[in-house]
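Trainee: Okay, predicted coordinates and the sequence, questions at the end:
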Amino acid sequence: MLTIRWLWYILLSCYLAFASMGISAQEKTGNREGFELEPGSVRIALLEPSVRVGSQSTGGMFEPNADWTEQAKENLEAELARKQELLGNEIVRLSLDNVPQNRELVQYHALFGAVASSVIEYQFFPGNRLPTKKKSKAFEWSVGPGLADIESLNGFDYILLIRTKDAYGSTGRKLLQVAGLLGAVAGFGTAVQSGEHIGMAGLVDVKTGDLVWLNADLAMGGDVRKVEGAEKRVRQLLEGFPGSSDSEN
Amino acid sequence: MWLKLFAAILTASIAAPTVAAEPEALPPYVPAYDPTTVDERGLWNQADELELLYKRSEHLIEDEELNAFVRRILCNTVGNDRCDGVRIYILNVPAFNASMMPNGAMAVWSGLLLRLRSEANLASVLAHEFAHFELRHNLQGFKNRRSASDMLAWTVVLGNAAAVDTRNSQISLFGSIFRFNRNMERQADLLALQYLKQSPYPSRASSQVWQYLMEEADARAAGRKIRRKDRYRAGFFDTHPTSLDRADYLLEKSMEYGDTGNAEQTAYFDAIQPWLPKLLADQVRLNDFGGTEYLLGNIAGVTGWTPELVLARAELYATRGKPRDLITATTLYLDAIDKGHETSEVLRGLGLSLVKSGRRKEGAEYLGRYLAQNPDAPDAAIIKMYVPKGDE
């Protein structure tokens, strides 16, 4: 407890939470140009998904909830296992605990999260595109070469990475939201966003490290704490998965 | 009217969150504590995930002896039953820090080990972190930040609704979060002191840690030609009491306790000896001439100028590399050789210092010996440029 990292956390959660976010013009899927996957042609490793579930306090802080997280993990894993055959290619789930070089894999998981966040920020919001990328629509993102050196990925062509974070708005947060709206009657209104549901699924080429497909959204649907909700969430996460026979869904 | 009421509630609640008065007796010990509330279980769950990151971190130092040593000091201090609930992770970070997660995972940075002078110093830091765990400060801090940020959110929304300027209230709410944290730190300091009092170590060693840190900070400031800071009172955004404040109240309390014991200075340096060369090399690379010179002098005060310390000092001067520094560095490298420490680091450093100060021939001789010892060194190709052909 000698660190001050939560200082940023408070500042961000308190103040950013009030900024109203216009998510209307956002894209949700990216595909590397010319990338296609023939069904039955490749082997894909599904890395243990990163799942965090909790609630959002009145002030906007994330309150981790152990039961919800466990429940959501169970639901999402079950649903992913059920979906695998519909995805067109052989998918093998890799647990991060039992494989050699899991340190590297964990780091790549986190790096994928950072890259995907950059994609959301700088590619999916067209207004945010960097000056040199304004005109090009190319989807060129990578976690860098190096995956190929990881032994446990030998024999796999791609890895599928999934990350979700859900913060369900607490009663207090919802009341605050209403009060923020009603405030406009007397003085000034305040836009308060209640709840946060981030999900990202991406396919990374093991040989090159290129991100070949990404589906990411800051406002995902489906209550992951329930079985039906998890079904909807996984469907949204894997929407448009390359080579999938389930795309009409 | 309602706005006044709101303001009254707000003022009351800003004043309200305080940490319980300092503990006079050690808290009762609960074996195999399991969290029960939603908040605490959530925090433990999150901590379990973070702990996996420690376990898988490439910065983790897994050396069994060093880990056993740090663990032994903790157990000596807080007792064998209590220390069973704690897992210690030594991380390779060359700065002074240690931290505690709510689930009993403790991180100790390698730079901490270089900045302490005795087992008793280490005991005081470990006991401080343990006190955070024992008093469940992580949960308390979380709840405090949540209620303060809840209040802050209502202040903003209702203030906007009533078109009232609430900036002062917002600032006090922010301040309350940091004040609460400072109080928890103070509380952990004082509980740690009680553990030290009933341990084989003298509790006065706690205050020393902060004195060392202040002296190092002064030396660093002098080396960088910046103003040194001497503050008694913590600033608005400070998460901890100032070092001066801590050194002072810890000394006062330990004088009150009046306990004595062996701080185990020699045993401490014996234990970290195998890691000392690495810790010193990391420190030299921090580009902190004043601070490093201070640390070296202080360690030498306990262990004498061992060849490892002389080498580190030579590297420090060679790294800064002003013409005068190269003369000092050359002398120190030669001293290290005289002490029987003719390692490849010494040969390489000495050779390069000589080459840089214009004595190419003598330098080439030492570099040639370095290459003979390490034909496959990663820098062999570049070092060869200084060695005339045929001399190898």
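Mentor: The structure has been received and is ready for your questions.

Trainee: just checking, A:Glu63 touches B:Arg41?
Mentor: No. Between A:Glu63 and B:Arg41 there is no contact under Cβ atoms under 8 Å: 11.0 Å. Glycine gets a C-beta too; all of them are placed from N, C-alpha and C.

Trainee: so how far is the helix or strand hosting B:Leu190 from its chain's centroid?
Mentor: Here B:Leu190, judged by DSSP states H and E, is contained in helix B:167-197. Per Cα atoms, centre = their mean, to the nearest Å, the displacement of helix B:167-197 from the mean C-alpha position of its chain is 19 Å.

Trainee: Now do it, average pLDDT.
Mentor: For helix B:167-197, mean pLDDT rounds to 93.

Trainee: Quick one: low-confidence residue ranges for the stretch 201-350 of chain B.
Mentor: Of all residues in the stretch 201-350 of chain B, none has pLDDT under 70.

Trainee: Where does B:Asn121 sit: helix, strand or coil?
Mentor: Using DSSP: H, G, I helix; E, B strand; the rest coil, the secondary structure recorded for B:Asn121 is helix.

Trainee: Count residues in the vicinity of the residue of the stretch 51-200 of chain B found nearest chain A, would you?
Mentor: Using Cβ to the nearest Cβ, the single residue of the stretch 51-200 of chain B nearest to chain A is B:Ser149, 2.8 Å away. Neighbour count for B:Ser149, taken as other Cβ atoms under 10 Å in any protein chain shown: 24.

Trainee: Check B:Glu65 too.
Mentor: Quick note: B:Glu65 (other Cβ under 10 Å) scores 10 neighbours.

Trainee: Wait, a helix at it?
Mentor: Yes. With three-state DSSP as the criterion, B:Glu65 is assigned to a helix.

Trainee: one step back: and the helix holding B:Leu190, what does it pack against?
Mentor: helix B:2-15, helix B:64-78, helix B:119-134, helix B:137-161, helix B:205-223, helix B:243-257 (3 or more Cβ pairs under 8 Å, 6 or more residues apart in numbering or on different chains; DSSP states H and E).

Trainee: Can you give me the buried ones in it?
Mentor: Residues of helix B:167-197 classed as buried by neighbour count (16 or more other Cβ atoms under 10 Å in any protein chain shown): B:169-170, B:172-174, B:176-197.

Trainee: And stretch B:270-287, by the same measure?
Mentor: So for stretch B:270-287, counting by 16+ other Cβ under 10 Å, buried means B:271-272, B:275-277, B:279-280, B:282-284.

Trainee: Among the residues you listed, which one lies nearest to A:Val185?
Mentor: A:Val185 lies nearest to B:Asp282 out of the buried residues of stretch B:270-287, by Cβ to Cβ, at 61.1 Å.

Trainee: quick one: contacts for that closest one?
Mentor: By Cβ atoms under 8 Å, 6 or more residues apart in numbering or on different chains, the contact set of B:Asp282 is B:92, B:94, B:110-111.

Trainee: Quick check: which element contains it?
Mentor: Using DSSP H and E, B:Asp282 sits within helix B:276-284.

Trainee: Dump the very next helix or strand once past that helix to CSV, keeping only the CA atoms.
Mentor: Per DSSP H and E, helix B:276-284 leads on to helix B:289-303 as the next helix or strand towards the C-terminus. In CSV, the C-alpha atoms belonging to helix B:289-303 read as follows (Å, rounded to 0.1, in the frame of the first residue of the first chain):
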residue,chain,number,x,y,z
PHE,B,289,25.1,9.5,-8.4
GLY,B,290,24.6,11.2,-5.1
GLY,B,291,22.1,8.7,-3.8
THR,B,292,24.2,5.7,-4.9
GLU,B,293,27.3,7.1,-3.3
TYR,B,294,25.4,7.6,-0.1
LEU,B,295,24.1,4.0,-0.2
LEU,B,296,27.6,2.5,-0.9
GLY,B,297,29.1,4.5,2.0
ASN,B,298,26.4,3.3,4.3
ILE,B,299,26.7,-0.3,3.4
ALA,B,300,30.5,0.0,3.8
GLY,B,301,29.9,1.4,7.2
VAL,B,302,28.6,-2.0,8.2
THR,B,303,30.5,-4.5,6.0
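
Trainee: Just the angle for helix B:289-303 relative to helix B:276-284, thanks.
Mentor: Orientation check (axes from the mean of the first three to the mean of the last three Cα atoms, to 10 degrees): helix B:289-303 against helix B:276-284 gives 160 degrees.

Trainee: Check which residues of helix B:289-303 are buried.
Mentor: Buried residues in helix B:289-303, counted by 16+ other Cβ under 10 Å: B:289-296, B:298-299, B:303.

Trainee: With stretch B:323-337 instead?
Mentor: Across stretch B:323-337, burial judged by 16+ other Cβ under 10 Å covers B:325-326, B:328-330, B:332-337.

Trainee: CSV for those residues, including secondary structure?
Mentor: Formatted as CSV, those follow (three-state DSSP):
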residue, secondary structure
B:Asp325, helix
B:Leu326, helix
B:Thr328, helix
B:Ala329, helix
B:Thr330, helix
B:Leu332, helix
B:Tyr333, helix
B:Leu334, helix
B:Asp335, helix
B:Ala336, helix
B:Ile337, helix
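
Trainee: Quick check, pLDDT for residue 89.
Mentor: Reading this off chain A. Looking at A:Asn89, its pLDDT is 83.

Trainee: not quite, I wanted chain B
Mentor: Per-residue confidence at B:Tyr89 stands at 97 (pLDDT).

Trainee: How about the one 10 residues further on?
Mentor: The score at B:Ser99 is 96. That number is its pLDDT.

Trainee: My guess is it contacts B:Ala107. True?
Mentor: Yes. Assessed by Cβ under 8 Å, B:Ser99 is found in contact with B:Ala107 at 4.9 Å.

Trainee: For the two, indicate the residue with more neighbours.
Mentor: Neighbour count, other Cβ under 10 Å: between B:Ser99 and B:Ala107, B:Ala107 has more, with 25 against 18.

Trainee: wait, does the top strand by length along chain A contact chain B?
Mentor: Counting by DSSP state E, the longest strand found in chain A is strand A:158-169. No. Strand A:158-169 stays clear of chain B (Cβ under 8 Å from any Cβ of the partner chain), getting no nearer than 11.5 Å.

Trainee: Alpha carbons of that strand, in CSV - could you do that?
Mentor: Extracted in CSV, the C-alpha atoms of strand A:158-169 (Å, rounded to 0.1, in the frame of the first residue of the first chain):
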residue,chain,number,x,y,z
TYR,A,158,-4.2,-18.7,-34.7
ILE,A,159,-5.0,-17.8,-31.1
LEU,A,160,-8.5,-16.5,-30.1
LEU,A,161,-8.4,-14.1,-27.2
ILE,A,162,-11.5,-13.0,-25.3
ARG,A,163,-11.7,-10.3,-22.6
THR,A,164,-14.8,-9.0,-20.8
LYS,A,165,-15.4,-6.5,-18.0
ASP,A,166,-18.9,-5.8,-16.7
ALA,A,167,-19.8,-3.2,-14.1
TYR,A,168,-23.5,-3.2,-13.3
GLY,A,169,-24.8,0.1,-12.2
